[in-house]
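[1] can you look at this prediction? I've put the sequence above it.
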Amino acid sequence: MYKFILKRLFMLIPVLLGVSFIVFTIMSLTPGDPVQLYLGDNYSQEAHDQISEELGLNDPFLIRYAKYVFNALQGDLGNTYSTKRPVTTEIFARFPATVRLAGAALFFAIAVGMPLGIVSAVKQYSLTDNASMLVALLGVSMPNFWLGIMLILLLAANLGIFPASGDAGFKSLVLPAITLSANSLATITRMTRSSMLEIIRQDYIRTARAKGLRESVVVFRHALRNAMIPIITSAGLQFGFALGGAVLVETVFSWPGIGRLLVDAIKLKDTPLVLGLVLVMAVSFTVINLIIDILYAFFDPRVKAQYK
Amino acid sequence: MNFMTTITTTTIVKRRKKKSQFVMVWERLKQNRLAVAGLVILSVIVLAAIFANLLFDYEAMAVRQNASIRLNPPSSEHWLGTDEVGRDILARIVFGARISLPVAFATILIAAVIGGLLGAIAGYGSRTADNIIMRIMDMFLAIPSTLLAIAIVATLGSSIRNLLIAIAVSNIPPFARIIRSSVITIRNEEFIEAAQAIGANDRRIIFKHILPNAMAPMIVQATMCIAGSVLSIASLSFLGLGIQPPTPEWGSMLSNGRQYIRVAWWVCTFPGIAIMLTILSLNLLGDGLRDALDPKLKN
């Protein structure tokens, strides 16, 4: 088991190097003079030369990349152009807000999506089933930023139950979390249903029923445990997508997370900050995938046996 | 005796009218009510986009600003109301489809061709080629596709061309992955061995024997990806990184109308419904196609 985790951790290294290389290349292609962005409008030629030497912009591309990686390994992603503060400081000041939002969204998606999926599968073709499949279908088709605007329109602007923007306690978390969870909720509901449907037709479920077990034991202990793997996969993936989707939802709700920071950084052409943010998001996404793989082993003894 | 049976079965098979693959898939698709619904909705949107010029005057209704009728609610004259500068929302939605659908289609076409080619090389070529291509694809997959598209557009600057590049690039890895896995399955089939035995070269085997058999998952993936692409276009434009105003585009309509939702609910509601219906119809069609193309569900 430890060997498996260690092996997967080592496999992270080339992926991270690759991701940083891709992002670094994209960013280096940006037209425009970074020094000008760094110094603002008024500067002398000497200041220009000095800063471009300081920022290492005169070095060849590969040297710059190597330096970036070397510094990144020591936790230094450079300074932002706009505030001149370390990129890491800026990112980690905002990171908790996004994690809180994505976590709340995922929690809501699982808490609602899984029961809906289970009921849909157990009572296939019932009214509940059809209704929840319709909701799921709308959920995957809805742009989440539109849902956010509609929720603001209905629950914040008209009824005034929740605040429309900002981050001030639990109440302000509700609308953005629901908005961000819509796609995940739909996916998790569909996944739970199809996974449960497949399991529920297995012979051992019939056996469990035949030996007189209560329906709840059959559904939860025999069926659900075996149906968990695809559900965990999609839930984990959804958390990763939530980090990406947060860019839009945070913009709609003025949520002070890294998604909105990214949009602001792009508008200010703050290259080091954009680079750092994309890197941090990609790393989180990769780490989440790793955690899912490890979770498999806990839920499925068959997988565990492979890595003994 | 054996010889005789073979002959009889052949004649029986021949006597039945032979249907093309396309007709068979179509017949199965027709039975799926949801897929048909998706197809109908999509056709309406496509037709409206094609004949947009006949329905509305582009200059007068979708672009020209008219302060006297700003933020008018839906009425018999403006079915879906007017926006903050007095443009007809229905007209802008219909002309918006002229941007979203072709751009989405083009991005997926580019992604499917490049991704398909890479996947075919990875699946059929040497182990080294496979490893190099798929590890690079893994790296791209490690970045959520919306994020990748945002990063690319942010770098290249916002224009339709760059939007196209960004979304196409972010869609290449899933195509490469899907084609690679079906190529690997097909490569080991007996008919490929047979083709090799009669001396067909690699190019012929890939294009004549493998790719046609790998088309089904590719078509399903493409339908779903067009839906994703429509969403990406709208998302990027919503963030101000995609199609620039005054060109009517669904995402930027939402972004502009956002400030007015307290006084005019229709400004944001309808463009969002347009996006949702388009994505919904493509998803329904994709689901239906997946079932119709699945040989396991034949008959």
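    Received, thanks.
[2] helices along the chain, start to end?
    By default, I'm working from chain A. Ranges of helices in chain A, per DSSP state H, are A:2-28, A:34-39, A:45-54, A:61-73, A:87-122, A:127-141, A:144-151, A:170-200, A:203-210, A:215-217, A:225-253, A:258-267, A:271-299, A:301-306.
[3] look at chain B instead
    With DSSP H as the criterion, chain B has helices spanning B:2-15, B:21-30, B:33-50, B:52-55, B:89-124, B:127-141, B:145-156, B:160-187, B:190-197, B:202-204, B:211-213, B:215-238, B:250-257, B:266-293.
[4] ok, residues contacting the fourth one?
    By that I understand helix B:52-55. B:48, B:58, B:91, B:94, B:95, B:97, B:98 (CB atoms under 8 Å, 6 or more residues apart in numbering or on different chains). To be clear about C-beta, it is placed using only N, CA and C from the backbone, and glycine gets the same treatment.
[5] in that helix, what counts as buried?
    Of all the residues in helix B:52-55, those buried under the rule 16 or more other CB atoms under 10 Å in any protein chain shown are residue B:52.
[6] can I get the helices of chain B in JSON lines including mean pLDDT and distance to residue A:129?
    JSON lines is the format used below for the helices of chain B (pLDDT from 0 to 100; distance: least, CB to CB, whole Å):
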{"stretch": "helix B:2-15", "mean pLDDT": "53", "distance to residue A:129": "41"}
{"stretch": "helix B:21-30", "mean pLDDT": "84", "distance to residue A:129": "23"}
{"stretch": "helix B:33-50", "mean pLDDT": "93", "distance to residue A:129": "14"}
{"stretch": "helix B:52-55", "mean pLDDT": "86", "distance to residue A:129": "39"}
{"stretch": "helix B:89-124", "mean pLDDT": "92", "distance to residue A:129": "32"}
{"stretch": "helix B:127-141", "mean pLDDT": "86", "distance to residue A:129": "33"}
{"stretch": "helix B:145-156", "mean pLDDT": "81", "distance to residue A:129": "31"}
{"stretch": "helix B:160-187", "mean pLDDT": "89", "distance to residue A:129": "30"}
{"stretch": "helix B:190-197", "mean pLDDT": "91", "distance to residue A:129": "42"}
{"stretch": "helix B:202-204", "mean pLDDT": "86", "distance to residue A:129": "49"}
{"stretch": "helix B:211-213", "mean pLDDT": "83", "distance to residue A:129": "35"}
{"stretch": "helix B:215-238", "mean pLDDT": "89", "distance to residue A:129": "23"}
{"stretch": "helix B:250-257", "mean pLDDT": "91", "distance to residue A:129": "32"}
{"stretch": "helix B:266-293", "mean pLDDT": "91", "distance to residue A:129": "16"}
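[7] turn these into a markdown table, including distance to residue A:184.
    Converted to a markdown table, these look like this (distance: least, CB to CB, whole Å):
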| stretch | distance to residue A:184 |
| --- | --- |
| helix B:2-15 | 49 |
| helix B:21-30 | 29 |
| helix B:33-50 | 22 |
| helix B:52-55 | 35 |
| helix B:89-124 | 23 |
| helix B:127-141 | 19 |
| helix B:145-156 | 14 |
| helix B:160-187 | 19 |
| helix B:190-197 | 40 |
| helix B:202-204 | 43 |
| helix B:211-213 | 34 |
| helix B:215-238 | 15 |
| helix B:250-257 | 21 |
| helix B:266-293 | 16 |
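[8] those: which one's closest to residue A:144?
    Nearest to residue A:144 among the helices of chain B is helix B:215-238; the distance by CB to CB comes to 8.8 Å.
[9] and which of the contacts of helix B:52-55 is nearest chain A?
    residue B:97 (15.0 Å; CB to the nearest CB).
[10] how about the closest one: what's its closest non-neighbour residue?
    residue B:49 (3.8 Å; CB to CB, 6 or more residues apart in numbering or on different chains).
[11] got the contact list for that neighbour?
    By CB under 8 Å, 6+ apart, the contact list for residue B:49 reads B:94, B:97, B:98, B:101.
[12] how many residues are close by the residue in the stretch 151-299 of chain B positioned nearest to chain A?
    Using CB to the nearest CB, residue B:272 is the residue of the stretch 151-299 of chain B that sits closest to chain A, at 3.4 Å. The local packing of residue B:272 (other CB atoms under 10 Å in any protein chain shown) involves 22 other residues.
[13] for it, which non-adjacent residue is closest in space?
    residue A:146 (3.4 Å).
[14] hmm, back to that, of the contacts of helix B:52-55, closest to residue A:167?
    Distances from residue A:167 to the contacts of helix B:52-55, taken by CB to CB, are shortest for residue B:97, at 36.4 Å.
[15] now do the contacts for the closest one.
    Contacts of residue B:97 by CB under 8 Å, 6+ apart are B:45, B:46, B:48, B:49, B:52, B:274, B:278.
[16] can you count the residues close to residue 160?
    Went with chain A since none was named. For residue A:160, the tally of surrounding residues (other CB under 10 Å) stands at 9.
[17] ah, no, chain B please
    So residue B:160, with other CB under 10 Å, has 17 neighbours.
[18] okay but it is in contact with residue B:249, surely?
    No - in terms of CB atoms under 8 Å, residue B:160 does not count as a neighbour of residue B:249; the distance is 9.7 Å.
[19] common neighbours of these two, please.
    With CB under 8 Å, 6+ apart, residue B:160 and residue B:249 have common neighbours B:99, B:243.
[20] quick check: residues of the stretch 101-250 of chain B near chain A?
    B:135-136, B:138-140, B:142-147, B:150-152, B:154-157, B:227, B:231, B:234-235, B:238-241 (CB under 8 Å from any CB of the partner chain).
[21] for the closest residue in space to residue B:179 that isn't next to it in sequence, list the residues it contacts.
    Using CB to CB, 6+ apart and skipping the chain neighbours, the partner closest in space to residue B:179 is residue B:119 (3.0 Å). By CB under 8 Å, 6+ apart, residue B:119 lies in contact with B:133, B:175, B:176, B:177, B:178, B:179, B:180, B:183.
[22] all set now, cheers.
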